[in-house]
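Colleague: missing the sequence, but the structure's below:
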């Protein structure tokens with residue numbers, strides 16, 4: 001199923017991630033890239049569901065705070081997608097770790113923030129729980145992905161990801 005028309009997210013394209021250094025190496029297994037691709041696919045599904053509940057709130061909410069919150073969550077969902085894809089573009093451990101931290105924070109923020117809408121009965125609780133379940137499934141793929149990271153020779157000048 002082509003979720004692109006529903007999520008506003010581009011499809012995964014392995015060719016976007018190849019560099020000159022990869023030339024001739026595309027045939028080799030790449031567990032990190034494979035895990036990242038699965039992670040991105042799951043996030044496309046999450047964004048598909050989020051769009052269904054957040055866009056109407058952004059467009060029709062009488063409460064501007066709820067409208068802004070919905071917009072923030074939707075924006076954060078796109079940041080997650082960008083960080084997933086960009087983590088593979090360079091293939092550098094510190095970039096992957098930094099992006100992973102941002103992804104985790106944004107995904108957790110969305111999952112817990114959705115409870116705000118449930119509190120005010122703006123969205124049916126069952127819809128929110130479906131999305132939270134999908135974010136939990138995303139979390140499992142996230143853990144698999146992070147476990148494939150291999151430390152490289154690049155130093156983290158800030159000393160965070162050593």
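Modeller: Yes, it's here. What you see is a predicted model; the values in this text were computed from it and never measured. Residues are numbered from 1 along each chain as shown.
Colleague: look up phi and psi at the residue positioned nearest the centre of the chain.
Modeller: Nearest to the centroid of the C-alpha atoms of the chain, with distances taken as CA atoms, centre = their mean, sits residue 80, at 3.3 Å. Torsion angles at residue 80 (phi, psi; degrees, to the nearest 10) stand at phi -60, psi -50.
Colleague: from residue 74, how far off is it?
Modeller: Plainly put, residue 80 is 11 Å away from residue 74 if you go by CB to CB, to the nearest Å. Placement of C-beta: from N, CA and C, glycine included.
Colleague: do the same with residue 120
Modeller: Distance, residue 120 to residue 74, by CB to CB: 18 Å.
Colleague: which one of those two is surrounded by more residues?
Modeller: Remark: of residue 120 and residue 74, residue 74 carries more neighbours, 19 against 10, as counted by other CB atoms under 10 Å.
Colleague: helix or strand for the residue nearest to the more buried one when sequence neighbours are not counted, just tell me which one.
Modeller: Spatial nearest neighbour of residue 74, excluding adjacent residues (CB to CB, 6 or more residues apart in numbering): residue 54 at 4.7 Å. Secondary-structure element containing residue 54, defined by DSSP states H and E: helix 31-60.
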